[in-house]
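**Q** Using only what follows, build the 3D model:
(2 chains)
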Amino acid sequence: MSQLPTTGDTFGLLLQLAFYGMFFVFIFYGQRIQLSLSLLQVSRQLTKLKYMRAKGRMDVIKAIREQGGTEDPTPAVDRFMEHFVVSPADMDPAGVVWKFEHIVNVRDDKFKEEVKTLAPAADEGQVNNLENMLEAAAALNLVYKVIRHYYLLGKRTKSYFVIAQLQMVLPLIVEQAQAYAKALSAFAEGQPIGDGIGAIVAANLLRSAKKRREIAKDVVVGELSIDGRHVFALKAKGPGGSVGKPGDGIERVIEESGGKVDAIIMVDAALKLEGEKSGSIADGIGAAIGGIGIEKYKIEEVASKYKIPLYGVVVKESILEAITPITKTILDSSKHALGAVKRIIEERVPKRGAVIIAGIGNTIGVS
Amino acid sequence: MESPKRKGLFPITAILFLLIVVVLTAISLFSAWQLYFVEGAEFSRVSIYLFTGILGLMVTISMLSQISRRYRAVRRVENERVFTVEECDKCNFKSVRGFERGDVIFKGTVKECPKCKSHMTITAIYRGSSK
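**A** You can find the predicted model right below:
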């Protein structure tokens, strides 16, 4: 040990010099060093996103190939991943919902037709699943490209503040991207996802219905009785990955019954706040439905036209749980959600009255 | 979601680096102890060894926690299997098996109930443990 620099002050002097050197280096190049470190960290996350995007793309290509297409789906998948939708002008907001619906319908029809061409052996449900996969892959592509844009912008302009902002939001974005990446395998296999909890509740009720019929595009309805009340249970048509058009379904049921509906109860999954328990139930007032707002608008319109009260029951879950295979905790909460629905019926719907129970959400893997 | 190349490389390089850090930490702390308690050196001479030793300890703890986090993440992925529950329409006999493509909640299966030979229906599909 005496060989180690324990004798003399040479080592101490060197150490002191190193500290002084570091002091001046940090004064003049501190931010640049910080920028390099931040760039390194962002670039690592960007590599993760790039890998997720590539894997997503490959998964979609593989799934389409499994459905018996003769031509190579790669160019079409690449084209889909760059596909965009232009929102209608909203400077004059009157009628914007219908314009939006028209654009969404055109997009859906185009996607479906092209998927059918690529995968001729796929049935209706599989086409829906493939469409969902393409959407998830496109979302991963968009996330990667946006993050890469800000990374390169920060690197080119050497702006620490652009990179610092990116660094702050990246953990949340990567988490969301991981959810999309995991969703791909659920869509490929046709497994029910957390978002489908509303559809599961409605499907459970539909088991007691004598028959179910398609009342609107990709929406089925069945009639049954609960505690002396006439119930219209409604959900998206499964088992393919679809959310249907519940707004049209609810509107048609109300029109068919001449507006004689005493309540509309909507069951849906809702994003939980950090700290809230997954699978916990909450009930409230209003149209419990997500999306861009077209279906919500239609439901609110018809409900206010006929003065029908709108009730919502939501099952709390995270974004990851919402788009990946449903967990046991969330699945078990469907019984509690059904209990909450029955309680609302008992308290708010008169005997021999009529009520619509709409199970909202993606019905993948649910009959 | 790491790339396969990095996934394979990480544990070996990490463990090698960890071993080097542990050895250097041990040498530093041992030198500090020997200088101060055996040779009776002043604290100013000992402080550099103490400083590097503590730094090494912190790096070791940080690396160990990273490795354990990674291990837990891998275990979590392994535990994320999807199961299908089939239930007899008549006697409510339940059986749990791994998910197969084509399984759909509330869809009747071709299987017969092993107890009463009635029809069985898929009543649940979920991610997690089979219990």
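
**Q** what sits up against stretch B:99-114?
**A** Residues from elsewhere that reach stretch B:99-114, judged by CB atoms under 8 Å, 6 or more residues apart in numbering or on different chains: A:189-192, A:200, A:203-204, A:206-207, A:238-239, A:365-367, B:81-84, B:86, B:88-91, B:93, B:95, B:118-125. Every C-beta, even on glycine, is put in place using the N, C-alpha and C of the backbone.

**Q** Which of those fall within helices?
**A** Judged by DSSP state H, the subset of the contacts of stretch B:99-114 located in helices is A:189, A:200, A:203-204, A:206.

**Q** Distance to B:Glu42 and neighbour count for the residues you listed - can I get that in CSV?
**A** CSV is the format used below for the ones in helices among the contacts of stretch B:99-114 (distance: CB to CB, whole Å; neighbours: other CB atoms under 10 Å in any protein chain shown):
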residue, distance to B:Glu42, neighbour count
A:Glu189, 69, 19
A:Ile200, 73, 30
A:Ala203, 79, 28
A:Asn204, 78, 20
A:Leu206, 84, 24
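
**Q** Which one of these is nearest to B:Ile12?
**A** Using CB to CB, A:Glu189 is the member of these that sits closest to B:Ile12, with 33.5 Å.

**Q** OK, contacts around that closest one?
**A** B:82, B:99, B:101.

**Q** next one: phi and psi at the last one?
**A** Main-chain torsions, B:Arg101, degrees, to the nearest 10: phi -60, psi 130.

**Q** Chain A contacts on chain B?
**A** Counting by CB under 8 Å from any CB of the partner chain, chain B comes close to chain A at B:1-3, B:31, B:34-35, B:39, B:41, B:44-45, B:48, B:80, B:82, B:99, B:101-107, B:124-129.

**Q** rerun at 6 Å
**A** B:1, B:3, B:34, B:82, B:101, B:104-107, B:124-128 (CB under 6 Å from any CB of the partner chain).

**Q** Columns neighbour count and pLDDT on top of the residues you listed, output as a markdown table?
**A** What follows is the residues of chain B next to chain A, written out as a markdown table (neighbours: other CB atoms under 10 Å in any protein chain shown; pLDDT from 0 to 100):
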| residue | neighbour count | pLDDT |
| --- | --- | --- |
| B:Met1 | 16 | 40 |
| B:Ser3 | 14 | 42 |
| B:Gln34 | 17 | 89 |
| B:Val82 | 21 | 91 |
| B:Arg101 | 9 | 88 |
| B:Val104 | 23 | 92 |
| B:Ile105 | 29 | 93 |
| B:Phe106 | 17 | 89 |
| B:Lys107 | 16 | 83 |
| B:Ala124 | 20 | 92 |
| B:Ile125 | 24 | 94 |
| B:Tyr126 | 24 | 93 |
| B:Arg127 | 25 | 90 |
| B:Gly128 | 17 | 84 |
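
**Q** Widest-spaced pair of the ones in helices among the contacts of stretch B:99-114?
**A** Maximum pairwise distance among the ones in helices among the contacts of stretch B:99-114 (CB to CB): 23.3 Å, between A:Glu189 and A:Leu206.

**Q** Per-residue pLDDT of the most centrally placed residue in chain B, please?
**A** Centroid-nearest residue in chain B, with CA atoms, centre = their mean: B:Arg72, separated by 1.7 Å. We have a pLDDT of 79 for B:Arg72.

**Q** Check the gap between it and chain A for me.
**A** Counting by CB to the nearest CB, to the nearest Å, the gap from B:Arg72 to chain A is 16 Å.

**Q** to the chain's geometric centre, what's the distance from the host helix or strand of that residue?
**A** Assigned by DSSP states H and E, B:Arg72 belongs to helix B:43-78. Chain-centre distance of helix B:43-78: 18 Å, with CA atoms, centre = their mean, to the nearest Å.

**Q** List the buried residues of that helix.
**A** Residues of helix B:43-78 classed as buried: B:45-46, B:48-50, B:52-53, B:56-57, B:59-60, B:63 (neighbour count, 16 or more other CB atoms under 10 Å in any protein chain shown).
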